[in-house]
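[1] Following is a predicted model, sequence given first.
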Amino acid sequence: MLKVKIECRNVGCEKIANRLAKSGVDHYKVWLYNESVYAFFKIDAISSLKKLAQQLKRMKNLEIKYHRIEKVKESWLRRILGLDQSKN
């Protein structure tokens with residue numbers, strides 16, 4: 001699992017949100033700041049992130065910049081989501 005933060009220019013928030021939803025990203029945040037659109041989301045693998053980046057680059061005049069890509073341990077994620085029953 002990866003946590004990713006990107007910055008996009010020359011595109012609207014709605015287009016980025018729609019593209020994230022169509023690519024199967026469940027939980028994401030999209031916001032506008034200083035004429036740039038930022039998105040924070042979790043994605044399952046680097047291959048999925050590459051596919052998403054290819055889809056985003058197809059948008060006309062889009063500039064994309066990666067601010068953060070972090071690997072999240074699944075055990076940590078399970079504990080946060082309450083899926084690990086052994087801790088109770």
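    Perfect, I can see it now. Numbers count the residues shown, from 1 in each chain.
[2] CA only for contacts and neighbour counts going forward, please
    Will do.
[3] in the protein, what spans have low per-residue confidence?
    By pLDDT under 70, the weakly predicted segments of the chain are 74-88.
[4] Now the element after the lengthiest helix in it, going C-ward?
    For the chain, the helix with the greatest residue count under DSSP state H is helix 46-57. Proceeding N to C from helix 46-57, the next assigned helix or strand is strand 63-71, under DSSP states H and E.
[5] Work out the gap between that following strand and the centre of the chain.
    Distance of strand 63-71 from the chain centroid (Cα atoms, centre = their mean, to the nearest Å) equals 9 Å.
[6] Same check on stretch 49-68?
    For stretch 49-68, the distance to the chain centre is 11 Å (Cα atoms, centre = their mean).
[7] Alpha carbons of it, in PDB - could you do that?
    In PDB, the C-alpha atoms belonging to stretch 49-68 read as follows (Å, rounded to 0.1, in the frame of the first residue of the first chain):
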ATOM      1  CA  LEU A  49       0.300   4.400  -9.600                       C
ATOM      2  CA  LYS A  50       2.000   4.200 -13.000                       C
ATOM      3  CA  LYS A  51      -1.200   3.400 -14.800                       C
ATOM      4  CA  LEU A  52      -2.900   6.300 -13.000                       C
ATOM      5  CA  ALA A  53      -0.100   8.600 -14.000                       C
ATOM      6  CA  GLN A  54      -0.400   7.600 -17.600                       C
ATOM      7  CA  GLN A  55      -4.200   8.300 -17.500                       C
ATOM      8  CA  LEU A  56      -3.500  11.700 -15.900                       C
ATOM      9  CA  LYS A  57      -0.900  12.600 -18.500                       C
ATOM     10  CA  ARG A  58      -3.400  12.100 -21.300                       C
ATOM     11  CA  MET A  59      -5.200  15.300 -20.100                       C
ATOM     12  CA  LYS A  60      -4.500  18.300 -22.200                       C
ATOM     13  CA  ASN A  61      -1.900  20.800 -20.800                       C
ATOM     14  CA  LEU A  62      -1.700  18.900 -17.400                       C
ATOM     15  CA  GLU A  63       1.500  19.400 -15.300                       C
ATOM     16  CA  ILE A  64       1.900  16.800 -12.600                       C
ATOM     17  CA  LYS A  65       4.400  16.800  -9.700                       C
ATOM     18  CA  TYR A  66       4.800  14.100  -7.000                       C
ATOM     19  CA  HIS A  67       5.200  15.600  -3.500                       C
ATOM     20  CA  ARG A  68       5.200  12.400  -1.500                       C
END
